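Q: this is a predicted model, with the sequence first.
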Amino acid sequence: MRRTLRGSLVALSVSALFLTACSGGSSDGASGSQDEATKPGEKVELNFWAWAPEMDKTVEVWNESHPDIHVTVNKQDGGDPAVTKLLTATKAGSGAPDLMQAEYQALPTMVAAGALADIKGDLSGEAQGHFADGVWNAVTLGTDAVYAVPQDAAPLMFFYRSDVFDKLKIKVPTTWDEYAQAARTIHKADKKKYLGTFSANDAGLFAGLTQQNGASWWGIDGDAWSVNIDSDASRKVAQYWGGLVEEGVIDNTPMYTPGWNSALNKGTQVGWVSAVWAPGVLAGNAADTKGKWKVAPMPQWTSGANVSGSWGGSSTAVTSQSKHKAAAAEFAEWLNTSADGVKALATISNVYPADQKNTAAALTEPPAFFKDQPDFYEVAAKVAGTTAPFTYGPNTNVAYSAFNDAFGKAAQSKSAAAFTQALTTMQTQTVEDLKSSGFTTK
Amino acid sequence: MSTSTREKPSIVGSGILVVGAIYCLVPVVWVFMASSKSPSDLFSTFTYAPGGSLFDNIAELTDYRDGLFWRWMLNTGLYAGVGAALSTLVSAMAGYAMAKYRFRGRTAIFNILLAGVLVPGVVLAVPQYLLFAKLGMTNTYWSVLLPSLISPYGIYLARIYVSAAVPDEVIEAARTDGARDARVFRSVVMPMMVPGLVTIFLFQFVAIWNNFLLPYVMLGDDRLFPVTVGLSSLLNQGAQQPALYSVVVTGALLSILPLLALFLLLQRFWQVDLAAGAVKS
């Protein structure tokens, strides 16, 4: 999600090099290799690329109780760099780990490159029952295969400074109209304050916002991909945020920049539409505002509705290069569905598990940064069940960088018309890339 | 330094130098100041005002994954130290051979070498990755060490230096006294090349110390990371974690200190080398 300019340049040049370097190579990495037979009593060694914090300590819990299968965590950079690395290793034919923490949005890309194994046959029949349908759909891509086990969910919620809301006597918005009204009131009372920002460097959040309104940017029908970025549902969302930016009541500073961090800490950004993992970011960036934040479900497009989107979230996938796929799948299922695994994920690695059966028991205390809101995880659990279905595509990264360019200009120009225009640009670039990469489109 | 009559320094010339010096020093000053600030002060107080949290930052950096940062420093020391030492040896041998031995294809090899000097190492990182993947050697210390051993620029410098600083007569004299090739190289040529070798060592040491792309592409295990890749991984924690800016800045400061020390220590040799080059032509 967050990347420095240098990071993206490196990623860009690396992937460009990979493309040129690999285009001549054979792609035998994807061909199904059989599990290496292990003698009874022999220890299986698995490698796990992950970036969730303290994942090595979470995995210790498994290693202590499973002497036959030992998992070693290799910590990775979050987001795209690890994906690029895995795709390169897949092309090169060696160097991939057995297990990989993969963002939902990256799964179609990895599956299309033959980097992941179908582990349907290695999972027990009970795995699916642990997850919301929308989340399970993200790891099957709507096919009969299962490419990963959902690890953490990231439902969108509305975070706000309750002290500011109390002082201005604003009710917590339940619809986007009320949100706009609250944004106006706050900005009117103090010209320096904003209820939020439209960030042109976080396509994931914008995708989640359109997801809430029923958009799904890609679709798959047999072998053919369709792209629906420029849909009515997305247009409505773009129009809405463009309007607020044009009016000047919502800021246009990108998120995760030093300026935004200090605005949170100084209290000039008093709200944030973000995902369930926001407390960690707020605690790191806005330590001075501890205890002043509260969380509420997302504002809705229709009054009384109850829908959310998601921003981020990841799964545990088994790679096609793994020589111990069954053991790897067993670990992935344990980590994400067993009471011990889910508890370790939630309390040691501090992620919000996608599992719906054991999570409530694991998360009884609110995050320290929200200590005055004891029902934090109850709100989260309620929202997590209402995530609208959404399909990512095999070139999500292309669409996301098109978003950065097109919406970056739109946000600078502060015109609502430019926002909807940017959607059209994204649509065109994404479709063109799909076609030129050789995918069947319709 | 200059032995000619003292001239009045040109205002334009000095001005350009001062601007250049400021341009180079301001970022270093920024790193020093920023690493002494607490995370909440980092972007909110005056940029060049020092803070009082340097040791807190170092402690926090040390706490990160049980002191992984210091392991990165040791790794970088290993990659740069061993890599530069071996690379210097290889350069010295190759440069000596190319300067003093006549063999078939010498000019061709030298021309290829010159072409190699022009190819930036960054371009080679991915092909090298693919080669190492074929051997199953990615994600090991070797995958970063081995590619650092061959430095076309180092070999080129060594060749130039040997032709200028080691007279044929000395080698012939050694041979007449019954020394074999290895002995000639070790006991006669190497000592005469010391200033040149220090230069090559420093160049290569700094190049490996600062190298980002090669280890970034080769390594998947963060216990093998050098400090450059490690620090960048601290910034790319994924969206769910705040970027650890102040810790990263502190790490950057600590990572340049050994380089500063090395330069101060080896500066004497470096100056000798510059002077030597100036007289010899």
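A: Great, that's in hand.
Q: what sits against the residue nearest the centre of chain B?
A: Centroid check for chain B by Cα atoms, centre = their mean gives B:Val206 as the closest residue, at 1.3 Å. By Cβ atoms under 8 Å, 6 or more residues apart in numbering or on different chains, the contact set of B:Val206 is B:80, B:259. (Each C-beta comes from the backbone N, C-alpha and C, glycine too.)
Q: how far away is it from B:Arg159?
A: For B:Val206, the distance to B:Arg159 equals 21 Å [Cβ to Cβ, to the nearest Å].
Q: in this structure B:Ala179 contacts B:Ser187, no?
A: Yes. Counting by Cβ atoms under 8 Å, B:Ala179 touches B:Ser187, with 7.0 Å between them.
Q: check which element follows whichever helix or strand A:Ala183 is part of along the chain.
A: Using DSSP states H and E, A:Ala183 falls within helix A:176-189. Using DSSP H and E, the next helix or strand after helix A:176-189 towards the C-terminus is helix A:203-212.
Q: how far does that following helix sit from the chain's center?
A: Offset of helix A:203-212 from its chain centre (Cα atoms, centre = their mean, to the nearest Å): 10 Å.
Q: contacts made by it with the rest, please.
A: Residues from elsewhere that reach helix A:203-212 (Cβ under 8 Å, 6+ apart): A:1, A:105, A:156, A:199, A:217, A:231, A:233-234, A:237-238, A:241, A:255, A:273-275, A:298, A:301, A:307-312, A:387-388, A:390, A:399-400, A:403-404, A:407, B:239.
Q: who's more crowded, B:Ala179 and B:Ser187?
A: B:Ala179 (16 against 11; other Cβ atoms under 10 Å in any protein chain shown).
Q: need the contact list for that one.
A: B:187-188 are the contacts of B:Ala179 under Cβ under 8 Å, 6+ apart.
Q: how much space between it and A:Ser65?
A: For B:Ala179 relative to A:Ser65 (Cβ to Cβ), the value is 66 Å.
Q: what of A:Leu168?
A: Remark: distance between A:Leu168 and A:Ser65 (Cβ to Cβ) = 52 Å.
Q: of those two, which one has the most company?
A: A:Leu168 (15 against 10).
Q: wouldn't the more buried one be in contact with A:Ala189 here?
A: Yes. Between A:Leu168 and A:Ala189 a contact is recorded at 5.7 Å, counting by Cβ under 8 Å.
Q: quick one on the thing from earlier: just the ones in strands from the contacts of helix A:203-212, please.
A: Of the positions in the contacts of helix A:203-212, A:156, A:273-275 sit in strands, assigned by DSSP state E.
Q: going by neighbour count, which of those comes out on top?
A: Those, ranked by neighbours (other Cβ under 10 Å): first place A:Ala275, 29 neighbours.
Q: give me the low-pLDDT residue ranges for chain A?
A: Low-confidence segments of chain A, defined by pLDDT under 70: A:1-41.
Q: please apply the same query to the stretch 1-150 of chain B.
A: In the stretch 1-150 of chain B, residues with pLDDT under 70: B:1-6.
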